[in-house]
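S.K.: with the input below, show me the fold.
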Amino acid sequence: MIDELRDTMERQSERVIPRPDPYARLLRLRRRRRQRRVAVLAAVAVLAAAGVMTGWRWADPPVPAFTQTFGEVPAALRPLLDSPTRGSLADDEPFLEGARREGAIEAASWHWFGGATYAVKVLFAGDLGNRRVAVVAAGGATLQALVFQGVAGAAADDLELTGTGELGPVVDTGFASDPAHPEYTYLLLGPAGSVYEAAQTRYTATGAERVWSDAGAGRDYLGIADLAGRHRYRVKLGAAVLLETEAGMAGTRPSVAIDPQPVGGRGRPLPNEARDAASTLALLTGLTGPAVTYRVLWSDEIDMPGTKNGRAFVLTVQAATADGGGPFFTSSYDTAEGLYRDHPSGYGIAGGVESTLIVMRLPRYAESDDRLQIIAPPHAVRAEITRDGGGPVTVDLVNGVGQVRMAVGSPITVTTFDTAGAVVAAKVFTEVDGFACDRFAPEVCAAPTAPTATPTPTPTPSS
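M.R.: Next up, the predicted model:
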C-alpha cells in the first residue's frame with residue numbers, strides 16, 4: 001500500500017503543472033525569520049559579554065525605503081503595473097499600505113532584488129473563499145511577483161509569503177496544501193481590461209479543437225476559491241492572447257477498460273502498466289465513456305540506463321475516439337522499483353494504427369539517452385533516418401517497431417517502407433525539451449503576445 005501511494009504521488013507530481021507549495025515556502029520563510037532572530041540574539045550575546053549592553057528588546061525587521069513608482073521596466077510589464085489594484089480590498093488603503101510594507105521587507109531579504117530603494121505595488125488584494133490573498137510586484141534591479149496569503153479577514157502583517165516568481169505580463173498562481181483549508185485557490189490576473197476565457201477541448205484523429213467561452217463573469221480578474229479538477233484558461237487583451245495555461249489539481253484517475261495486448265503484435269502485453277497508463281490518459285484528456293476505446297500502441301520491457309536493475313517497462317497508450325484516432329502518451333516504469341517517467345516527445349495525437357508513424361525520445365532515468373524510438377504501422381519493415389542532408393541510416397523494424405541512436409540536435413526525417421519498398425509513412429521529428437500549454441497538441445497553443453499599450457483603468461466589481 002505504501003509503495004502504491006508513493007508511486008501514485010510521484011506519477012501525479014510529474015504531470016501537474018508546478019505551482020508554489022505554500023506550506024514548504026511557509027516553513028522556509030519561518031526558518032529565515034528564525035535565522036535572523038538567531039543572528040540578532042548572537043549579536044546581543046556578544047555585546048552583553050563585552051559589557052556594552054544593559055538591556056534590549058526584540059523588534060520587527062526594519063522597513064526599507066520604497067516607492068510606488070517604477071522606473072524603466074520591460075514594455076511587456078508596463079500594462080500590468082499601470083493597472084489599478086484589483087480585488088475586494090482594492091480600496092482599503094490601510095491594508096494596501098501594510099501589504100506594500102511586507103513586500104518591501106521581503107524584497108530586501110532577497111539579495112537578487114538588488115538596490116537600496118524598492119519599487120512596490122499591490123496588484124491584487126482580497127478574499128478568495130477562506131483565503132486572503134495579496135499579490136505584490138516588487139523589485140530593484142529585477143521585478144518579482146510576491147504572493148502572500150492567510151485566512152480570510154487577516155491583517156496584512158499576518159499574511160505569509162507563499163510564492164515568488166519573476167513578474168510576467170500575467171500573474172498565474174494557485175495554492176493548496178494548507179492543513180486548515182485544503183481547497184485549491186486559483187488567481188489569474190492580467191492588465192486592466194483583460195478578458196478571461198475557459199476552453200472545452202475536443203480531441204480527434206487529426207488534432208485538438210478548442211471552444212472558448214467567457215470565464216471572468218464580468219470581473220477584471222479570474223479568482224476561484226476552490227478549483228476542482230484540471231481546466232484550461234487564456235487571457236486576452238484586445239486581440240492579443242497574453243497567456244494560455246492549465247490550472248487545477250489532477251484529481252482522481254478514472255478507471256477505464258483496456259486490452260493490454262499491443263495492436264499489431266507490437267511488443268509484449270503489460271497488463272498492470274496498461275491499466276495504469278490508460279487511467280492516467282483518461283485523467284489528462286477527460287476522454288471516457290463508450291465512444292472512447294483505449295488501446296496499447298506498443299509495450300515492452302527494454303534496457304533502461306539509470307534504473308536500479310537497468311530495465312524498464314515502457315508503453316504507448318492511445319485514447320481512440322469515434323474517428324479512429326486520438327491522443328496518446330508514453331510512460332515508463334522501473335521494473336525494480338516502479339518509478340515512473342515520461343518525456344515531452346512521447347505525447348501527441350495519432351490517427352489509425354495502419355497509417356500513423358510515431359517518433360519520440362524515450363523516457364529517461366539517466367542524465368542523457370540518445371535513443372530514438374520508432375512506432376510505425378505494423379506492416380512497415382524498414383526505416384531510413386536522415387538529418388542535415390546526410391546519408392540515410394537504415395533500421396530494421398519488427399511489426400513496425402525499431403530503435404536507433406541519434407544524438408539530440410537538428411530535425412530528423414524518418415521514412416518507413418514495406419516489404420515491396422513502398423513508402424508506408426514519413427515524418428519529420430523535432431526535438432522537444434518541455435511541455436507546451438497542451439502536451440498532446442502544442443500546435444494549438446497560441447504564441448503569447450506581449451502587451452504594449454498602457455491600459456485605461458476601468459471600474460472593478462468587488463469580490
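S.K.: and the spatially closest residue to Glu102 that is not a sequence neighbour, what does it touch?
M.R.: Counting by Cβ to Cβ, 6 or more residues apart in numbering, the nearest residue to Glu102 once its immediate chain neighbours are dropped is Ala156, at 5.8 Å. C-beta here means a position set from N, CA and C on the backbone, and glycine is covered the same way. Contact partners of Ala156, counting by Cβ atoms under 8 Å, 6 or more residues apart in numbering, are Phe95, Leu96, Glu97, Gly98, Ala99, Arg101, Glu102, Ala134, Phe148.
S.K.: read off the pLDDT value for Ala156.
M.R.: At Ala156, the predicted lDDT confidence score is 96.
S.K.: same thing with Pro62?
M.R.: For Pro62, the model assigns a pLDDT of 72.
S.K.: narrow the contacts of Ala156 to just the buried residues.
M.R.: Phe95, Leu96, Gly98, Ala99, Arg101, Glu102, Ala134, Phe148 (16 or more other Cβ atoms under 10 Å).
S.K.: hang on, the earlier thing: what does the residue nearest to Glu102 show for phi and psi?
M.R.: phi -60, psi -40 (degrees, to the nearest 10).
S.K.: mind checking how far stretch 268-275 is from the chain centre?
M.R.: Using Cα atoms, centre = their mean, to the nearest Å, the mean C-alpha position of stretch 268-275 is found 28 Å from that of the whole chain.
S.K.: in that stretch, which residues are buried?
M.R.: Leu270, Glu273, Ala274, Arg275.
S.K.: most widely separated two among those?
M.R.: For those, the maximum inter-member distance is 9.3 Å, found between Leu270 and Arg275 (Cβ to Cβ).
S.K.: check contacts around Gly348.
M.R.: When contacts are counted by Cβ under 8 Å, 6+ apart, Gly348 is found next to Pro327, Phe328, Phe329, Ile358, Met360, Phe440, Ala441.
S.K.: so which of those residues comes closest to Ala76?
M.R.: Relative to Ala76, the closest of the contacts of Gly348 is Ala441; by Cβ to Cβ it sits at 26.1 Å.
S.K.: ok, the residue lying closest to the closest one once chain neighbours are set aside - contacts?
M.R.: Of all residues not flanking Ala441 in the chain, Ala208 sits nearest, at 3.8 Å (Cβ to Cβ, 6+ apart). The neighbours of Ala208, taking Cβ under 8 Å, 6+ apart as the test, are Thr201, Arg202, Pro327, Ile349, Asp438, Phe440, Ala441, Val444.
S.K.: repeat that for 10 Å
M.R.: Taking Cβ atoms under 10 Å, 6 or more residues apart in numbering as the definition of contact, the neighbours of Ala208 are 199, 201-202, 285, 326-327, 349, 438, 440-445.
S.K.: just Ala274 next, same as before
M.R.: Counting by Cβ under 10 Å, 6+ apart, the residues that Ala274 touches are 258-262, 294-296, 299, 313, 315, 317, 331.
S.K.: got the phi and psi for the residue nearest to it when sequence neighbours are not counted?
M.R.: Once flanking residues are discounted, Ala274 sits nearest to Pro260: 4.0 Å by Cβ to Cβ, 6+ apart. The phi and psi torsions at Pro260 (degrees, to the nearest 10) take the values phi -70, psi -10.
S.K.: tell me how far Pro260 lies from Ala366.
M.R.: 27 Å (Cβ to Cβ, to the nearest Å).
S.K.: who has more neighbours, those two?
M.R.: Between Pro260 and Ala366, Pro260 has the larger neighbour count (other Cβ atoms under 10 Å), namely 19 against 9.
S.K.: ok, which stretches of the stretch 1-150 of the chain are strands?
M.R.: Shown for the stretch 1-150 of the chain, the strands assigned by DSSP state E, counting those that start in this stretch span residues 66-67, 118-128, 131-139, 143-151.
S.K.: inside helices: which ones of the buried ones among the contacts of Ala156?
M.R.: When helices are assigned by DSSP state H, the members of the buried ones among the contacts of Ala156 inside them are Phe95, Leu96, Gly98, Ala99, Arg101, Glu102.
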